[in-house]
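Colleague: Dropping the sequence and predicted coords here.
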Amino acid sequence: MSKILIIGATSALAHETAKHFATEGADLLLAARSPEKMTAIASDLKVRGAGRVETFEFDASDLHRHQELFDATFEAFGELDMLLIAHGTLGNQKLCEESVAETLKELNTNFTSVVSLLTIAANYFERRHRGVIAVISSVAGDRGRKSNYVYGTAKGAVSLFAQGLRNRLAASGVTVLTIKPGFVDTPMTAKLRKGLLFAKANVVGEGIYRAMKQKKDIVYLPWFWAGIMLVVKSIPERVYKRLSLG
């Protein structure tokens, strides 16, 4: 059975994805900041059929503990087949505009910490010549918008980094999957007004699971966001900069 490390395991998308792996009897190591939430999720996954479920209290912003997390995973499972990086924050754009410190904090959480984790994982899987590295980016990284360009910058950088990593690891037989969700109804977006484009977390979680199993390179979730972003990216900058896209 697969041995999977899930970082940001208490997020709605990570939990929904983990449910599908649990039904296969996978061994799961959950890493997140809240031990209470992880305990509840671990119990749920065990009921659903997971083999072993271990937890590791972990703040991704603490870069010095990243290697420790992987060491704990190897100690628990001996090896690793898949990694899902699902942590992140949707920061306050206005606050970021007013504060360099706040901007750097968001970039550290959503980009720098991801790069650190991806680098450690890439070196491990490259030596094994197999494995799946999946990272949740966002459609927000495809083009900057005034309402969330700090978040979008981080996600766009993550997508670009993953693209380079995918090119590097292709010869080693390692899959690097970039996941680009659109709007998803989760606690992270609780303050946003919901519209027709909002998807349910369980739908996106199933999409992530299938993409990891099928060893995809890039996936937009739900699928229609690929078309939407194709149109958005085709708009000339002289026109785009005058648009009010929220």
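Modeller: Good, I have the coordinates.
Colleague: So, low pLDDT: which residues of this protein?
Modeller: Within the chain, the ranges that satisfy pLDDT under 70 run 188-195, 246.
Colleague: could you point out the longest helix in it?
Modeller: Looking across the chain with DSSP state H, the single longest helix is helix 149-169.
Colleague: what lines up beside the following helix or strand past it in the sheet?
Modeller: On the C-terminal side of helix 149-169, the closest following helix or strand by DSSP states H and E is strand 175-181. Sheet pairing of strand 175-181 (DSSP bridges) gives strand 132-136 (parallel), strand 218-221 (parallel).
Colleague: Now do strand 175-181: distance to the chain's middle.
Modeller: 8 Å (CA atoms, centre = their mean, to the nearest Å).
Colleague: isn't there a helix covering Glu206?
Modeller: Yes - counting by DSSP: H, G, I helix; E, B strand; the rest coil, Glu206 is located in a helix.
Colleague: surely it meets Leu13?
Modeller: No - applying CB atoms under 8 Å, one finds Glu206 not in contact with Leu13, separated by 10.4 Å. Just so you know, the C-beta spots here come from the backbone N, C-alpha and C atoms, and that holds for glycine as well.
Colleague: Which of these two has more residues huddled nearby?
Modeller: Neighbours were counted for Glu206 and for Leu13 using other CB atoms under 10 Å; Leu13 has more, 24 against 16.
Colleague: Could you measure from the more buried one over to Lys19?
Modeller: Using CB to CB, to the nearest Å, Leu13 is found at 11 Å from Lys19.
Colleague: ok so, going back, in terms of secondary structure, what does the longest helix of the chain contact?
Modeller: Secondary-structure packing of helix 149-169 (3 or more CB pairs under 8 Å, 6 or more residues apart in numbering; DSSP states H and E): helix 93-98, helix 100-107, helix 113-128, strand 132-136, strand 175-181.
Colleague: export those to JSON lines and tack on distance to Glu75 and mean neighbour count?
Modeller: Converted to JSON lines, those look like this (distance: least, CB to CB, whole Å; neighbours: other CB atoms under 10 Å):
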{"stretch": "helix 93-98", "distance to Glu75": "38", "mean neighbour count": "14"}
{"stretch": "helix 100-107", "distance to Glu75": "31", "mean neighbour count": "16"}
{"stretch": "helix 113-128", "distance to Glu75": "14", "mean neighbour count": "18"}
{"stretch": "strand 132-136", "distance to Glu75": "20", "mean neighbour count": "25"}
{"stretch": "strand 175-181", "distance to Glu75": "25", "mean neighbour count": "24"}
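Colleague: In CSV, list the ones you listed along with distance to Leu165.
Modeller: Putting those into CSV (distance: least, CB to CB, whole Å) gives the following:
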stretch, distance to Leu165
helix 93-98, 27
helix 100-107, 19
helix 113-128, 6
strand 132-136, 7
strand 175-181, 5
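Colleague: Great, nothing more from me.
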